[in-house]
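> just coords:
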């Protein structure tokens, strides 16, 4: 009887511990409007930038973006007929907990394929650790979505960028595939918006809770 009670007690304690062990993910997101507003319910296509066009995982991440566009009533089509080009770029940089990432220009290079690939410069890599401070390996995940008007852009002329959404996440594990859906979600919460500052979103991966905004 005592052994049974001990086992039950251990189970209860284990449940109590696990109830608080759901891992939270913090994602900073921002939106920037450019040349006018994004027209509603028009055709679109998701395109890679030059940095990710050869990445085997791009179709997986592009599907996440397409799903959000479809939810808002946009219609997916080909690059030749689409009115909107939704360019997707992402990266995961390895650094250290005591290093400061170079975020002076967080815009990823947007020289994508197709008409009017947006131009920009690449992300800065994280700086090295201080020689006197123990370093913990950290990863900075970055995902950028840029919406352009393909009909008004041309291969030789200026790109008509309508909106840019940027998200960042820091993690001690290399888990970009796991956080990518949450980063896309955070970006689309500001779709078409111009945020004055970065907005922090809190996600819980384990139970699939919707994010909560914190200023």
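Everything's here; your move. All values reported here derive from a predicted model rather than from experimental measurement. Residues are numbered from 1 along each chain as shown.
> So for stretch 79-87, what gets flagged as buried?
Counting neighbours by 16 or more other C-beta atoms under 10 Å, one finds that the buried residues in stretch 79-87 are 82, 83, 84, 85, 86, 87. C-betas here are computed from N, CA, C, even on glycine.
> Ok, stretch 35-47 next?
Buried residues in stretch 35-47, counted by 16+ other C-beta under 10 Å: 38, 43, 44, 45, 46, 47.
> check which helix or strand covers residue 185.
Element membership for residue 185, per DSSP states H and E: helix 176-188.
> which residues are contacting that helix?
Surrounding helix 176-188, the residues in contact under the criterion C-beta atoms under 8 Å, 6 or more residues apart in numbering are 25, 27, 29, 31, 57, 60-61, 64-65, 68, 90, 92, 139, 141, 143, 145, 165-167, 169, 171, 199, 201, 203, 205, 211.
> Try it again at 7 Å.
Contacts of helix 176-188 with the rest of the structure, by C-beta atoms under 7 Å, 6 or more residues apart in numbering, involve 25, 27, 29, 61, 64-65, 68, 90, 92, 141, 143, 145, 165, 167, 169, 171, 201, 203, 205, 211.
> Now restrict those residues to buried residues only.
Restricting the contacts of helix 176-188 to buried positions leaves 25, 27, 29, 61, 64-65, 68, 90, 92, 141, 143, 145, 165, 167, 169, 171, 201, 203, 211, with burial counted as 16+ other C-beta under 10 Å.
> What about these, which are in helices?
In helices, defined here by DSSP state H, the members of the buried ones among the contacts of helix 176-188 are 61, 64, 65, 68.
> Can you tell me the closest non-neighbouring residue to residue 165?
Counting by C-beta to C-beta, 6 or more residues apart in numbering, residue 165 lies nearest to residue 187, which is 3.8 Å off, once chain neighbours are set aside.
> swap in residue 40?
In space, and not counting its chain neighbours, residue 40 is closest to residue 73: 6.6 Å by C-beta to C-beta, 6+ apart.
> Isn't the one you found up against residue 41?
Yes - contact between residue 73 and residue 41 holds when scored by C-beta atoms under 7 Å: they sit 4.5 Å apart.
> Point out where this protein drops to low pLDDT.
Low-confidence regions of the chain, defined by pLDDT under 70, span residues 1-22, 96-134, 156, 205-215.
> Good, we can wrap up now.
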